[in-house]
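Colleague: model the following, please.
(one chain, ligands or ions: 1)
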Amino acid sequence: MTGQRTVLITGASRGLGRELARQYAAAGWPVIACARAATAPDGEGIEHRQLDVADMGSIAALAAGLGGRPIDLLINNAGIRGDTGGLATIDPDDFLEIMRINALAPLLIVQALLPNLLAGERPIVANISSRAGSLAEGTLDDDDGDYAYRCSKAALNMATVKLAQDLRKHGIAVLSLHPGWVKTDMGGEGARIRVAESATGLKAIIDGVGLADSGSFRAFDGKQVSW
Ligand code: NDP
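Modeller: The predicted model follows:
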């Protein structure tokens with residue numbers, strides 16, 4: 001099959017999501033850029049949709065608005081870091097909100113958009129995770145107080161593995177991706193990697209994957225990350 005492939009990106013108002021939208025549009029893909037606030041489309045080929053990933057009604061409205069439109073690539077990018085104060089400051093409501101946005105929402109979005117993905121060409125779900133959520137590598141060179149964030153990305157990684165198992169029979173590939181430590185509002189000014197470099201790396205990985213790679217965890221530089 002030929003034709004233009006369509007990408008839907010969550011959390012496209014700023015940071016990595018916005019840059020991924022820009023790069024996919026520049027590459028000629030129709031881009032559905034989803035953001036909480038009703039901001040104007042960002043450029044040619046970019047279509048804006050309202051989506052608060054924490055809100056089931058908002059996810060359902062997005063799916064209804066898309067009708068049966070094929071989605072070839074879903075990038076679950078929206079995320080929050082939340083409290084970084086360590087064990088002493090864990091607040092149950094904040095913790096659950098972070099789990100909801102970072103781990104549960106990507107699953108609910110796949111659930112709602114499954115008909116769109118099934119209509120896509122070589123469909124891919126890319127979950128923007130973090131090495132911080134790797135049990136094997138996450139604490140090797142970092143010692144912070146990000147309990148909720150790390151737990152949420154570890155849960156997202158299992159969501160990737162489980163979705164990969166479930167959706168393989170439908171020809172849908174599912175990945176976890178680590179964008180590096182990126183200069184965004186979340187990553188901060190001290191971060192090592194520019195947002196354009198991270199997005200370019202992520203896009204190269206996504207563009208090169210097939211069903212055989214489904215269920216893997218890759219960093220923006222192409223390296224495998226251990227679960
Ligand atoms: P930013 O804080 O710059 O951007 C986060 C984006 O997520 C914003 O567009 C924000 O929208 C959106 N978002 C948050 N909550 C919701 C919600 N409820 N509904 C819809 N959108 C929401 O972060 P980054 O660009 O750095 O992060 C992007 C992804 O990369 C995240 O999943 C993050 O965990 C991951 N990541 C980032 C790293 C880094 O160093 N920056 C490292 C590892 C992983 P709004 O403008 O409305 O707030």
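
Colleague: what residues does this protein have near the ligand?
Modeller: Along the chain, the residues adjacent to the ligand under the rule C-beta under 6 Å from any ligand atom are 10-11, 13-17, 35-37, 51-54, 77-80, 101, 128, 130, 179, 181-182, 184-187, 191. No exception for glycine: its C-beta is placed from N, CA and C like everyone else's.

Colleague: please pick the buried ones from those.
Modeller: Neighbour counting by 16 or more other C-beta atoms under 10 Å classes 10-11, 13, 15-17, 35-36, 51-54, 77-80, 101, 128, 130, 179, 181-182, 184, 186-187 among the residues of the chain next to the ligand as buried.

Colleague: look up how far the ligand lies from residue 64.
Modeller: Between residue 64 and the ligand the distance, using C-beta to the nearest ligand atom, to the nearest Å, works out to 17 Å.

Colleague: is that residue within a helix or a strand, and which one?
Modeller: helix 56-66 (DSSP states H and E).

Colleague: cool, and residue 122?
Modeller: Assigned by DSSP H and E, residue 122 falls within no helix or strand.

Colleague: which residues does it contact?
Modeller: 72, 171, 173, 210, 211 (C-beta atoms under 8 Å, 6 or more residues apart in numbering).

Colleague: rebuild the residues you listed as TSV, extending it with neighbour count and secondary structure.
Modeller: Listed next are the contacts of residue 122 as TSV, based on neighbours: other C-beta atoms under 10 Å; DSSP: H, G, I helix; E, B strand; the rest coil:
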residue	neighbour count	secondary structure
72	20	coil
171	15	coil
173	23	strand
210	10	coil
211	17	helix
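
Colleague: mind listing the strands for the protein?
Modeller: Per DSSP state E, the chain has strands spanning 7-9, 31-35, 46-50, 73-76, 124-128, 173-178, 216-219. These are given in chain order.

Colleague: just send those back as CSV, with distance to residue 150 too.
Modeller: Below are the strands of the chain laid out as CSV (distance: least, C-beta to C-beta, whole Å):
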stretch, distance to residue 150
strand 7-9, 24
strand 31-35, 25
strand 46-50, 29
strand 73-76, 17
strand 124-128, 15
strand 173-178, 13
strand 216-219, 14
